[in-house]
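Q: Have a look; sequence and predicted model below, questions after that.
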Amino acid sequence: EWIPVWIQNPHAFRPTTKMPRFWGYADSRKTELDRRLEEDQVRAIAAFIWQSGIEAELPKQPPGNPTRGKTLFETRGCNACHSIGEGDEAVGGTFAANLSRVGEKANYDYLVRWIHNPRERTLPYCPTHNTDITEEDYASQGLPFQFDLENNECPLGDHLLQVQQPTVMPSLRLTWEEAGDISSYLMTQTHQDAQYPPAAYLDDPQLFGQGRFLVRHFGCAGCHSISGLEQEGKIGTDLTKEGSKPIERLDFALFTPEAKREGWYNHKGFFQHKLENPAVFDQGKIKEPLERLRMPDFDLNSEEITQLTTFLLGSVDSKVLEKFFYRPADQRSDIQDGWWVVMKYNCVACHQFTPPQTTVLEELPQYQSPEGREQLPPSLVGQGARVDPNWLARFLKNPALSERTVNRNGVRPYLQARMPTFSLSDGEVQKLVRFFNALSKQPLPYTPPRLDRLSPQELTMARDLFTHRAAPCLRCHATGDPVTDRTATAPNFLLVPERLKSDWTERWIVHPEIIRPGTNMPSGLFRRDGERWVFALADVPSLRRYQKDHAELMVRYMFQYSPGEQRRLKTR
């Protein structure tokens, strides 16, 4: 029942949706409505979409706890991309759908599976046969119905299947119980007046062909993946060089005299009027319904219309020589490539990449208290200078840093917001690694400097310094102990040898307030004494005769830190 209502007027259901409406105004004053989708057409399209869906029995999921689900939704980081609430009451990001009324739309069993693993498919898709491969197809070849990244060969031929959903929605590595709790909470998100008329016609086979024709006519497959239309092309005009198109090829229709008289017979005037009211140039014409202009109405505001008009005016067949285009061949190219990946996955909603940037999460109510701000994901300013690029590549592939214990953050297990698994391709991982290194002006490949092993005497001094009551490092840093880690605010030192760069680590412990203003890491631990740094907070007897650099001693100790050493310190 929800499908035809959505097709008819998606903005009434979700005002911030990018889904356009296929009705508009037939005149420039926006007084006479023009419905390019009649009621019978809406029914046919809805029936086609409904009947094109996969018929499969999803595993029944036990009901979850909506109260726990609300807490998980707000703490795991879901509202970095999604918002709850409508209009001025909406709280959260706008990168993905507003979920205020998702309970009117969603199937609970499917929603649980989607949240648990958004990339899971019910059936694999075969790009060669242009169809989903069913259990019967596997059985016809005497093969078990099993498909995943390791079992991705089509049973009907020697080619590969698409075995995962191509979505940017990540996995938060939730348990099934947590996915059920969040789904149960989302199922409560309904409009109090939501009522949908019965839609028995969705199963009418006679509407299937008509609906398929209309879906192709209006270009729905240009944005949506629709079963049977996976290879469908776009129906719109190529706008790559629209700003260079001769004015005579822009169809002002019956507005030509008016546009010339009023001074908007130009590219700018055409674009502005078309974007404000896509049906405007049909005004005064007698056309059959399917002959009308097909561009839908995106309800663009005046600022968006200005931005798009400016973009189209600049989309020209350039006469500028190729050498004058900004196509850097150095690290600036890595920064360009990396930003595409960062914005594709909406990383800026949780992480700060440049000092002036604010994130979606830090603006949310639950992060406004001092305790709440300690739960924010880390800033990534200077990330390339901080971490070993080889470790970063492994982390981006597996943020849990474990093949078995995945329901956690690998670096900061004390954070409730979960660093997701984005299933990045190898190419995307390398682009991000190079991006961070380029932002911090770091060379690649990275060769870790050789650090001298501590002598027995130095090891004793480093332990005394590391555990001194004036600066007890393990008070804030995680240790793997579930009890003490509940109050931890910094990563486990066991990650230091493979994760951090030693030169950055020394700068960090000497002047953390410069690298990260406002950090909880205490500053003033060391003071300058001639050519070396010495511990500034107390007199450590074992270091009185030590003439070398205390900060350098601490870094060397951290880079040979081991599980055995951590257990030893816990007993001191």
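A: Sure, I can see it.
Q: how near is Leu160 to Ser225?
A: Noted for Leu160: a distance of 18 Å to Ser225, by CB to CB, to the nearest Å. The way it works is simple: take the backbone N, C-alpha and C, and place the C-beta from them, glycine included.
Q: Quick check: which element contains Arg556?
A: If you go by DSSP states H and E, Arg556 is part of helix 550-558.
Q: mind exporting that helix as PDB, just the C-alpha atoms?
A: Provided in PDB are the C-alpha atoms of helix 550-558 (Å, rounded to 0.1, in the frame of the first residue of the first chain):
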ATOM      1  CA  HIS A 550      63.700  11.400  28.400                       C
ATOM      2  CA  ALA A 551      61.100  11.800  25.700                       C
ATOM      3  CA  GLU A 552      63.200   9.700  23.300                       C
ATOM      4  CA  LEU A 553      63.600   7.100  26.000                       C
ATOM      5  CA  MET A 554      59.800   7.000  26.400                       C
ATOM      6  CA  VAL A 555      59.200   6.600  22.700                       C
ATOM      7  CA  ARG A 556      61.700   3.700  22.400                       C
ATOM      8  CA  TYR A 557      59.900   2.000  25.300                       C
ATOM      9  CA  MET A 558      56.500   2.400  23.700                       C
END
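Q: For Arg21, give me phi and psi.
A: Backbone dihedrals for Arg21, given as degrees, to the nearest 10, come out at phi -110, psi 140.
Q: okay, now it: neighbour count?
A: Arg21 has 19 neighbours, counted by other CB atoms under 10 Å.
Q: Touching, it and Ala279? I think so.
A: No - between Arg21 and Ala279 there is no contact under CB atoms under 8 Å: 11.1 Å.
Q: Packing partners of the longest strand along the chain?
A: Counting by DSSP state E, the longest strand found in the chain is strand 120-126. Applying 3 or more CB pairs under 8 Å, 6 or more residues apart in numbering; DSSP states H and E, one finds that strand 120-126 makes contact with strand 131-132, strand 162-164.
Q: got a list of what Pro480 touches?
A: For residue 480 the amino acid is Gly, not Pro. Applying CB atoms under 8 Å, 6 or more residues apart in numbering to Gly480 gives the contacts Asn492, Leu494, Gln566.
Q: And the helices in the stretch 451-572 of the chain?
A: With DSSP state H, counting those that start in this stretch as the criterion, the stretch 451-572 of the chain has helices at 456-466, 496-499, 502-510, 512-515, 550-558, 563-570.
Q: Mean neighbour count added to those, as CSV?
A: Compiled in CSV, the helices of the stretch 451-572 of the chain are given as follows (neighbours: other CB atoms under 10 Å):
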stretch, mean neighbour count
helix 456-466, 17
helix 496-499, 18
helix 502-510, 19
helix 512-515, 14
helix 550-558, 21
helix 563-570, 13
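Q: Chain neighbours aside, what residue packs nearest to Pro4?
A: The shortest distance from Pro4 to any non-neighbouring residue, by CB to CB, 6 or more residues apart in numbering, is to Ala46 (4.1 Å).
Q: Pull out the buried residues from the helix or strand in which that neighbour is found.
A: Here Ala46 is covered by helix 39-52, with elements defined by DSSP H and E. The neighbour-count check on helix 39-52 (16 or more other CB atoms under 10 Å) flags Gln41, Val42, Arg43, Ala44, Ile45, Ala46, Ala47, Phe48, Ile49, Trp50, Gln51 as buried.
Q: With stretch 247-259 instead?
A: Leu250, Phe252, Phe255, Ala259.
Q: Identify all contacting residues around that stretch.
A: In contact with stretch 247-259 (CB under 8 Å, 6+ apart) are residues 28, 265-267, 269-270, 273, 280-285.
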